[in-house]
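> One predicted model, sequence on top.
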Number of protein chains: 2
Amino acid sequence: MASYKAPLREIQFVLHDVLDIEQLAALPDFADMVGRETVDGVVEEAAKLIEEKIAPLSARGDAQGCRWEQGEVRVPEGYADAYKLYWQGGWVGLSSSPEFGGQGLPYTLSKVVEEMLCSANVGFALYPGLTSSCFEAIEANGSEAIKRTYLPKLATGEWTGTMCMTEPQAGSDLAAVKTKAIPQGDGSFLIEGGKIFITSGEHRMADNIIHFVLARLPDSPPGIKGLSTFVVPKFFVKPDGTPGERNKVRCVSIEHKMGMHGSVTCTMAFEGARGWMVGQPNQGIQNMFVMMNLARIMVGFQGLGQCELATQNAIRYAQERRQGKAFNNGDAIIEHPDVRRMLLTMKALTEAGRVLAYETALNVDIAAHHTDAAAREAAQDWVELTTPLVKSFLTDAAFDLGSMAVQVYGGHGFIREHGVEQIVRDSKILALYEGTNGIQAMDLVRRKLMLHNGRLAQRFFERVRKDLALAGADGRDLAFLERPLSQALDAVETTTRWLQESFKTNPNDAGFGAVDFLKAFSLTALGYNWLRMVKAAAKQPDAGLRKAKRITAEFFAARLLTQVPTLCANVRQNADSLMQLEAEQF
Amino acid sequence: MASYKAPLREIQFVLHDVLDIEQLAALPDFADMVGRETVDGVVEEAAKLIEEKIAPLSARGDAQGCRWEQGEVRVPEGYADAYKLYWQGGWVGLSSSPEFGGQGLPYTLSKVVEEMLCSANVGFALYPGLTSSCFEAIEANGSEAIKRTYLPKLATGEWTGTMCMTEPQAGSDLAAVKTKAIPQGDGSFLIEGGKIFITSGEHRMADNIIHFVLARLPDSPPGIKGLSTFVVPKFFVKPDGTPGERNKVRCVSIEHKMGMHGSVTCTMAFEGARGWMVGQPNQGIQNMFVMMNLARIMVGFQGLGQCELATQNAIRYAQERRQGKAFNNGDAIIEHPDVRRMLLTMKALTEAGRVLAYETALNVDIAAHHTDAAAREAAQDWVELTTPLVKSFLTDAAFDLGSMAVQVYGGHGFIREHGVEQIVRDSKILALYEGTNGIQAMDLVRRKLMLHNGRLAQRFFERVRKDLALAGADGRDLAFLERPLSQALDAVETTTRWLQESFKTNPNDAGFGAVDFLKAFSLTALGYNWLRMVKAAAKQPDAGLRKAKRITAEFFAARLLTQVPTLCANVRQNADSLMQLEAEQF
């Protein structure tokens, strides 16, 4: 079984020493909430619960899976008790607004907890995860009455939530959604239609399930501009706020999946289920955006959690497993250079990936709570730009590092009881849901690079260049990293300009290069994170930390960051001929 | 469910038009056996059986798996009947020597059939696969009596075989094997010990199972030089050649794995089982080499089969699935550039990978059957050099393309019934068994580059350069491919020299770079294959084939082959500091 120990030293290093989370204390909304002791206390308490109560359920959840029995869903043994502990401990609503019963702590902290939860048991993590998404969608657009009815119970996690978007013919293309919402004249709507791939669509761990549903009004235009959003409870809420009669929404089947067996994925039938509109008619897609952007960051944290799980298990196994003699006469396999190459790759991506994810979360807090409009704008730019990187890069990394962990275990990695193959199976979905990673790359290239006349990327480049100049000035020998980072930055900046232009004339070129570009941009961002980590580590008393950061940065700089120019050269190419192969000639 | 249609046009194109398999007809052993009609007839007949009878069992085999019941193993429903059809059709012994009941056709043809079988049902393929390995190991080293006792039934596949090497403490490091063989004075030995990860170790599809066992004599030296090999039948063979009494070898449990559920993986207990030595005492490792090299090629073909399966299913789905409008107004997802990028990657690697694998097989035939010693030597050099490429590159590709197929399917790819996630799960083992892919890379760098003073790689470089010069001379515009191929070749050649030198002073450098080097070498070999395919296609009447080859080659040349210089730069680096991080500092 894969084991999990929260990487507290690393988390605290990133929060305090690399990103200075204490800067949030200057914001009125967070005064007194983000001192070092508070932050560490919250993280350590969460770690304890997660390590002791939730991690041990992961392998069992994978083996048992969920079962469908005549419309009811049975989750794996132990999940219901663990979920109760989790929401009653206040962890679901950690950063929800106190107005609705949340604890009002920074979003960043809730994401740190999310990382740990997703290392320990990513299938379990989806129950509170979707609940938060549902909360966010209603909070952003719901009427006061709707908010008061649903948010307090979603904030705490006493009720869970879902997002009901996908239909068989409408996956990446939500314009094709057919589910109908028929107004009843009393402010309510009857929802008719079928939804697939609904995470947590049915279970009995919570007293109620709140569905957030994308549907079409009878008089709405076709396509994406004719969608509206509705809240549809499993049980109607009585005036006293408790669940009453059953609504006409049911789970008709559940999916058998590659992984994520602890999380139930439902096909839902809405058969005249009663719902209430959230937001304005035909504004459904816009209504989902706030939630969707946060959901993408959440999925990135799921990826980060799985990266950490793969990395720490592979390291532990390689330290313990003895097999043959290495060139340096060591007999643990960690002394074999190729095993070490894999472990350093895993460390390099996980540790710098954590900075990427945490910094995006930190900017979500700043964008929402800073008193200065310019600071809010800069933070929002950062969030918009890096969201597709966080979502895609960290989830691709999760799958790749899962596979690498299996490779470190050798044949044993293929055996289920060792638990690392589960990482490969669980993490593949992360690259698919909330917009496939290809769609994220198009979001980066097509939308984020274009926003505000290219301002988002420009700000990023300026910031990295400023830090590069600083690093050069303070006398430490960081040329090993500064040089490839500077080259990577040049390549990404040149390619950004190329993409901004080429999109106007031939979007297929950009489409062909988008995934490579996202990878190049992400590696460059990770290079920037390594620069800051090495500098921050240099000030730490822990010699082991200093050495590990330095050597891992050397590895990253010499062997991973150097891919960026080649990836960028891939992007800046004409794809005309590639589009000329007819579909049936493949 | 993943579907499978044998890519006959492609297979025949490679066999006849790219590699000229008819050259084998000039060898006395194969006269009249390898005319175009015979070859195509064999392949088409195999394809029919495999498509109709074996492919449909794959999903069921995955879902049911194998069951252990008090020492007996139940294979998935339908497997026993299909196996009977398969061996009785003569497919197991297609290329085994007629002396022992085989059909004596070229090894190349048996590998073409292997590719198809491994696309259709890779778990099933291991039953005949290990049988062939066991046959080869006994044929290479057994006494006449042993050969006559076991080979005829192994050749036909009426009995199946196993390779019993791994023990819990002895995986990659066979020096640690503890199983004992105690001489009984009558020419037999009692085998005592436990073996793990034994493919096809127990089942009832065949009347007998022949175990080929690595064990240690009482007076043998410790380590790798004290191992001998033994044949241990499940049932003793009576003088009339039929199975008699049960031997003391039993299956004590089976593994629960990530994939390959149709193939049983056994823990075997040898409790005073009677066996007979194959070959000389303490020559066990050498005895396994012939078989092991062929087994590595076989695993490469398993990878190729899975590459083809992933590619053809992804293409089919992308042609059919409609979702949104592409920039060219197409509505099948194959018109979306990022989907097309994935499909072209899959095609480019699978098709050129097929040439790599087939050419290695063809050289196995030439090395064994050519009448000219120099031709045999050149062929053997090719086989030795490319075996680690075939094994590693094609199995890594299988996993990567499986993951890419899932990505093309989107969220549906994560659902088991679509069948593409099975490719990811089945194919991961290919990168682990028969020597992990890291070990293959070390075999390339440490052994194959060094053999005969670097002759193997030198011959490869010369051959590619000769073809490059030819291509330049005949007036066709192939610069799009020749230029990056030439650059790749330069980089690989420079790096080869660097590795040959650096190994003497710091093997850790080479160890760190080995996997990247193997990838660079493989991509270069694939570039050479694309050059030959484009030239061969230009002579074909089929305009669709010409166009598809040309465009796929353009994609490969511009976006994949260009990785080679960066990979090679990774290799030519000092790894000293990376070795300095202490194991416990990770």
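Cool, the structure landed.

> CA only for contacts and neighbour counts going forward, please
Fine.

> So which residues on the stretch 51-200 of chain A come close to chain B?
The interface of the stretch 51-200 of chain A toward chain B, taken as Cα under 8 Å from any Cα of the partner chain, is made up of A:169, A:170, A:171, A:172, A:173, A:175.

> which residues does the fourth one contact?
Under the criterion of Cα atoms under 8 Å, 6 or more residues apart in numbering or on different chains, the neighbours of residue A:172 are A:435, A:436, B:323, B:324.

> three-state assignment of residue A:198?
Three-state call for residue A:198 (DSSP: H, G, I helix; E, B strand; the rest coil): strand.

> Could I get the contacting residues of it?
Residue A:198 makes contacts with A:162, A:163, A:164, A:166, A:265, A:266, A:267, A:268, as judged by Cα under 8 Å, 6+ apart.

> List the contacts of the closest residue to chain B within the stretch 51-200 of chain A.
For the stretch 51-200 of chain A, the residue closest to chain B is residue A:173, as judged by Cα to the nearest Cα, at 5.3 Å. Residues near residue A:173 by Cα under 8 Å, 6+ apart: B:323, B:324.

> buried sites along the lengthiest strand in chain A?
Across chain A, the longest stretch assigned as strand under DSSP state E is strand A:265-278. For strand A:265-278, the buried set under the neighbour-count rule, 16 or more other Cα atoms under 10 Å in any protein chain shown, comprises A:265-270, A:272-278.

> Tell me the one among those residues nearest to chain B.
residue A:265 (10.0 Å).

> would you turn the contacts of residue A:198 into JSON lines with distance to residue B:234 and pLDDT?
Formatted as JSON lines, those follow (distance: Cα to Cα, whole Å; pLDDT from 0 to 100):
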{"residue": "A:162", "distance to residue B:234": "56", "pLDDT": "98"}
{"residue": "A:163", "distance to residue B:234": "57", "pLDDT": "97"}
{"residue": "A:164", "distance to residue B:234": "57", "pLDDT": "97"}
{"residue": "A:166", "distance to residue B:234": "54", "pLDDT": "96"}
{"residue": "A:265", "distance to residue B:234": "46", "pLDDT": "98"}
{"residue": "A:266", "distance to residue B:234": "48", "pLDDT": "98"}
{"residue": "A:267", "distance to residue B:234": "49", "pLDDT": "98"}
{"residue": "A:268", "distance to residue B:234": "53", "pLDDT": "98"}
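
> helices or strands next to the host helix or strand of residue A:286 in the packing?
For residue A:286, the host element (DSSP states H and E) is helix A:284-320. Applying 3 or more Cα pairs under 8 Å, 6 or more residues apart in numbering or on different chains; DSSP states H and E, one finds that helix A:284-320 contacts helix A:107-120, helix A:122-141, strand A:227-233, helix A:337-369, helix A:373-409, helix A:420-427.

> any weak-confidence spans in the stretch 151-300 of chain A?
Along the stretch 151-300 of chain A, no part satisfies pLDDT under 70.

> OK, now which residue of it is nearest to chain B?
residue A:257 (4.5 Å).

> so who does the closest residue to that residue other than its chain neighbours touch?
Closest residue in space to residue A:257, ignoring its immediate chain neighbours: residue B:415 at 4.5 Å, by Cα to Cα, 6 or more residues apart in numbering or on different chains. With contact set as Cα under 8 Å, 6+ apart, residue B:415 has these partners: A:255, A:256, A:257, A:258, B:421.

> Restrict the residues you listed to the buried ones and give me that as a ChimeraX selection.
Buried residues among the contacts of residue B:415 (16+ other Cα under 10 Å), as a ChimeraX selection:
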select /A:255,256,257,258 /B:421
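
> Inside helices: which ones of the contacts of residue B:415?
residue B:421 (DSSP state H).

> For the contacts of residue B:415, give me TSV that also has distance to residue B:512.
Below are these laid out as TSV (distance: Cα to Cα, whole Å):
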residue	distance to residue B:512
A:255	42
A:256	40
A:257	36
A:258	33
B:421	31
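
> I figured residue A:244 was touching residue A:208, is that so?
No. Contact criterion Cα atoms under 8 Å: residue A:244 and residue A:208 do not qualify, at 9.4 Å.

> which neighbours do those two share?
The contact sets of residue A:244 and residue A:208 overlap at residue A:235 (Cα under 8 Å, 6+ apart).

> These two: who's more crowded?
Using other Cα atoms under 10 Å in any protein chain shown as the criterion, residue A:244 and residue A:208 rank with residue A:208 on top: 24 against 14.

> Please report how far the closest residue in space to residue A:389 that isn't next to it in sequence lies from residue A:444.
Distances taken as Cα to Cα, 6+ apart put residue A:522 closest to residue A:389, at 5.9 Å, once the chain neighbours are dropped. Applying Cα to Cα, to the nearest Å, the value for residue A:522 to residue A:444 is 11 Å.

> Contact residues of the stretch 301-450 of chain A facing chain B?
Contact residues (Cα under 8 Å from any Cα) of the stretch 301-450 of chain A with chain B: A:315, A:319, A:323-324, A:327, A:334-338, A:340-341, A:403, A:407, A:410-411, A:414-417, A:421-422, A:425, A:428-429, A:431-433, A:436, A:438.

> just to revisit the earlier point, let's have the buried residues of strand A:265-278 in a markdown table, adding distance to residue A:347.
Shown next, in a markdown table, are the buried residues of strand A:265-278 (distance: Cα to Cα, whole Å):
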| residue | distance to residue A:347 |
| --- | --- |
| A:265 | 32 |
| A:266 | 36 |
| A:267 | 38 |
| A:268 | 41 |
| A:269 | 44 |
| A:270 | 46 |
| A:272 | 51 |
| A:273 | 49 |
| A:274 | 50 |
| A:275 | 47 |
| A:276 | 47 |
| A:277 | 46 |
| A:278 | 43 |
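
> Closest to residue B:505 out of the residues you listed?
For the buried residues of strand A:265-278, the residue nearest residue B:505 by Cα to Cα is residue A:265; the value is 55.9 Å.

> domains of chain A?
Domains of chain A are assigned by automatic domain parsing as A:8-144, A:160-283, A:438-577.

> Save those as TSV, and put in distance to residue A:296 too.
Output for the domains of chain A, formatted as TSV (distance: least, Cα to Cα, whole Å):
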stretch	distance to residue A:296
domain A:8-144	10
domain A:160-283	13
domain A:438-577	9
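
> where's the closest residue in space to residue A:74 that isn't next to it in sequence relative to residue A:311, distance?
Computed as Cα to Cα, 6+ apart, the closest residue to residue A:74 that is not its neighbour in sequence is residue A:67, at 5.0 Å. Computed as Cα to Cα, the residue A:67 to residue A:311 distance reads 31 Å.

> same check, this time on residue A:201
32 Å.

> got a pLDDT number for the residue nearest to residue A:531 when sequence neighbours are not counted?
Leaving aside its sequence neighbours, residue A:531 sits nearest to residue A:481 (Cα to Cα, 6+ apart; 6.9 Å). On the pLDDT scale, residue A:481 is placed at 96.

> ditto for residue A:471
pLDDT recorded at residue A:471 is 67.

> Now name the helix or strand holding residue A:456.
For residue A:456, the host element (DSSP H and E) is helix A:455-473.

> Remind me what that helix packs against, helices and strands.
So helix A:455-473, by 3+ Cα pairs under 8 Å, 6+ apart, packs with helix A:373-409, helix A:479-505.

> contacting residues around it?
In contact with helix A:455-473 (Cα under 8 Å, 6+ apart) are residues A:381-382, A:384-385, A:448-449, A:478-479, A:482, A:486, A:489, A:493, A:496, A:528.
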